[in-house]
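What follows is a predicted protein model with its sequence.
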Amino acid sequence: MSTVRFPCLVLFLSPSLVSDLGSLVPAMRTMWVVVAAGEVVVGALVQILVLVVGLVQVAVLLLLLLLLLVAVGAALLLLLVAVGAALLLLLVAVGAALLLLLAADVFIGVRMATDLIVANGTNASCGGSSTFALVTFGSINGVAALVCCVAAILVFVFKLHKKTVYRLALYQDLAAMSFASACALFLIFLHYPITSIRPLCVLLSFVGFFSQWAKLLFTWWIAFHLFSFAVCLKNWKALEALYVVSTLFLSVVIAIVPFTTNTYGPAGSWCWIVSSYNNSPSTPNTEGVIEQFVLWYGPSTIILSLSSSAMVVMLAVLTVRVCTQRKKMRSQLGSNGSPNWKALKQLLPLAAYPIVFLILIIPPSINRVFIYVMRDKEPSFLPELSAASVGGWSFAAGVTLIIHVTVARVGKKANKRMERKNLNDYGSVK
């Protein structure tokens with residue numbers, strides 16, 4: 001056997017040594033198998049190690065990519081914050097400039113009104129209209145814009161804008177401020193004839209008409225929301241977006257109508273839908289008169305009547321609930337602890353506004369009827385009364401919101417004092 005396997009060693013090695021070498025062959029085979037298996041295992045381990053290194057590299061790349069995205073997001077966020085801060089500062093600057101302009105308009109208007117009163121109410125020609133009425137109109141609206149601005153600031157300062165009813169009241173207040181601001185700018189026509197800057201007259205007419213419709217519709221939505229909440233016990237706060245979108249859409253559509261008929265222009269002492277040609281009552285513009293009553297006085301009277309009726313019913317229901325529950329709630333919470341009593345106190349200012357709005361819209365309606373029916377024979381006090389009433393629309397909205405915020409703030413402090421008192425009483429009893 002050994003001589004066959006190792007023929008070259010037979011010549012040099014002894015037979016015994018050859019026999020020993022032959023016996024080592026199985027061991028060498030086993031060693032080769034072990035070495036081959038070791039090579040396979042090492043190769044597998046190397047591949048696993050390469051795979052792990054690759055996965056680590058991918059993870060590192062993903063982490064770097066995530067960090068890059070975070071850095072980019074942070075940079076964009078900082079950029080948005082910077083842009084937002086810049087826009088906020090711009091809005092504050094524009095608002096301050098507008099307030100200064102309104103204050104100047106009010107000062108000019110009051111001074112001119114004083115001069116006219118001293119002069120025994122002499123009327124000067126201002127585009128064919130009463131100067132005193134224009135001064136009254138612009139001055140009251142300028143003051144109203146400032147009052148509405150203060151009311152809006154109070155809502156944000158006391159953080160009441162987080163509640164639906166306060167946001168609705170805030171929307172109405174902002175619409176009233178926009179309307180009053182546009183009307184206050186009509187004082188410009190004391191220095192320049194309306195015909196010389198007719199585009200400005202048309203623009204202010206559109207802004208004013210849009211704003212007064214927005215204010216009217218927000219008044220309706222507030223009445224609807226309060227009535228549903230207090231009487232029907234339904235909270236429709238999910239419909240807030242519908243309130244806002246429908247109000248803006250309808251206001252824009254209605255305010256565009258006079259553009260299609262080219263009826264925006266001088267309308268008595270200020271600019272609106274024209275009721276006569278060349279601002280002369282002796283030549284009435286029938287189309288403009290129809291638009292005045294169809295697009296504003298008719299719908300506004302109906303909407304405000306419904307809103308006022310709803311508020312009267314709501315106040316009556318709350319009053320009945322207060323009277324019927326007074327004895328029970330007095331024994332439990334005290335005379336001022338009734339939820340209905342608290343609701344009655346807090347909702348009374350907002351509930352009163354549609355009624356005040358309805359009362360204030362009557363003099364301008366009568367004035368427009370007299371202008372169309374009696375032409376040059378209308379009573380001399382009607383234009384001034386109408387101007388004061390229109391200015392009162394926005395002034396009443398601002399004052400109402402301020403009273404509402406004040407009542408809510410005082411009520412909140414009273415509730416905190418009562419809670420502390422109850423806690424102290426409970427602690428002393430315990």
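Right, received. Where do you want to start?

can you give me the strands for the stretch 251-400 of the chain?
264-267, 270-273 (DSSP state E, counting those that start in this stretch).

Determine the set of other helices and strands touching the last one.
What that stands for is strand 270-273. Applying 3 or more C-beta pairs under 8 Å, 6 or more residues apart in numbering; DSSP states H and E, one finds that strand 270-273 contacts helix 131-157, helix 198-230, strand 264-267, helix 286-292. C-beta here means a position set from N, CA and C on the backbone, and glycine is covered the same way.

again, 6 Å this time
On a contact count with 3 or more C-beta pairs under 6 Å, 6 or more residues apart in numbering; DSSP states H and E, strand 270-273 meets helix 198-230, helix 286-292.

and of the ones you listed, who's closest to Leu248?
helix 198-230 (6.8 Å; C-beta to C-beta).

So Ile254 is in contact with Trp213, correct?
Yes: between Ile254 and Trp213 a contact is recorded at 5.4 Å, counting by C-beta atoms under 6 Å.

Among these two, which residue is more densely surrounded?
Ranked by neighbour count (other C-beta atoms under 10 Å), Ile254 and Trp213 place Trp213 first, with 25 against 19.

Please tell me how far that one sits from Ser178.
Counting by C-beta to C-beta, to the nearest Å, the gap from Trp213 to Ser178 is 11 Å.

go on, Thr406?
Counting by C-beta to C-beta, the gap from Thr406 to Ser178 is 23 Å.

Compare the two and say which is more crowded by neighbours.
Set side by side, Thr406 and Ser178 show more neighbours around Ser178, with 20 against 13, by other C-beta under 10 Å.

And the pLDDT at the nearest residue to the more buried one once chain neighbours are set aside?
Using C-beta to C-beta, 6 or more residues apart in numbering and skipping the chain neighbours, the partner closest in space to Ser178 is Ser211 (4.1 Å). Listed pLDDT for Ser211 reads 93.

for this protein, what spans make up the helices?
Assigned by DSSP state H, the chain shows helices spanning 2-5, 15-23, 25-118, 131-157, 164-184, 198-230, 240-261, 286-292, 298-332, 339-374, 381-429.

Would you mind putting those into CSV with distance to Gly268 alongside?
Shown next, in CSV, are those (distance: least, C-beta to C-beta, whole Å):
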stretch, distance to Gly268
helix 2-5, 131
helix 15-23, 132
helix 25-118, 17
helix 131-157, 8
helix 164-184, 13
helix 198-230, 12
helix 240-261, 15
helix 286-292, 11
helix 298-332, 18
helix 339-374, 7
helix 381-429, 7
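
ranking those helices by burial, who's on top?
Mean neighbour count (mean count of other C-beta atoms under 10 Å) peaks for helix 164-184 among those, with a mean of 25.

quick one: average confidence on that one?
89.

so where's the stretch 151-300 of the chain uncertain?
In the predicted model, the stretch 151-300 of the chain carries pLDDT under 70 at residues 195, 278-282.

switch to 50 and redo it
Nowhere does the stretch 151-300 of the chain drop to pLDDT under 50.

Next: the stretch 1-150 of the chain.
In the stretch 1-150 of the chain, residues with pLDDT under 50: 1-6, 8-12, 117-118, 120-129.

ok, 80 please
Along the stretch 1-150 of the chain, segments meeting pLDDT under 80 span 1-44, 54, 81-82, 84-134.

what does the stretch 301-430 of the chain give?
Low-confidence regions of the stretch 301-430 of the chain, defined by pLDDT under 80, span residues 318-319, 321-352, 368-384, 407-430.

again, only this time at 70
Applying pLDDT under 70 to the stretch 301-430 of the chain picks out residues 325-349, 375-380, 411-430.

Distance check, the nearest residue to Arg368 once chain neighbours are set aside against Pro364.
Distance criterion C-beta to C-beta, 6+ apart; nearest residue to Arg368, sequence neighbours excluded, is Gln292 at 5.9 Å. From Gln292 across to Pro364, the span is 10 Å (C-beta to C-beta).

Check Tyr277 too.
According to C-beta to C-beta, Tyr277 and Pro364 sit 21 Å apart.

can you give me phi and psi for Cys232?
Torsion angles at Cys232 (phi, psi; degrees, to the nearest 10) stand at phi -90, psi -10.

count of residues packed around it?
Neighbours around Cys232, by other C-beta under 10 Å: 11.

Quick check: it vs His404, distance?
21 Å.

go on, Ala85?
Ala85 is 31 Å from His404, by C-beta to C-beta.

Repeat that for Gln172.
11 Å.

again with Ala267
Look at Ala267 and His404: by C-beta to C-beta, they are 33 Å apart.
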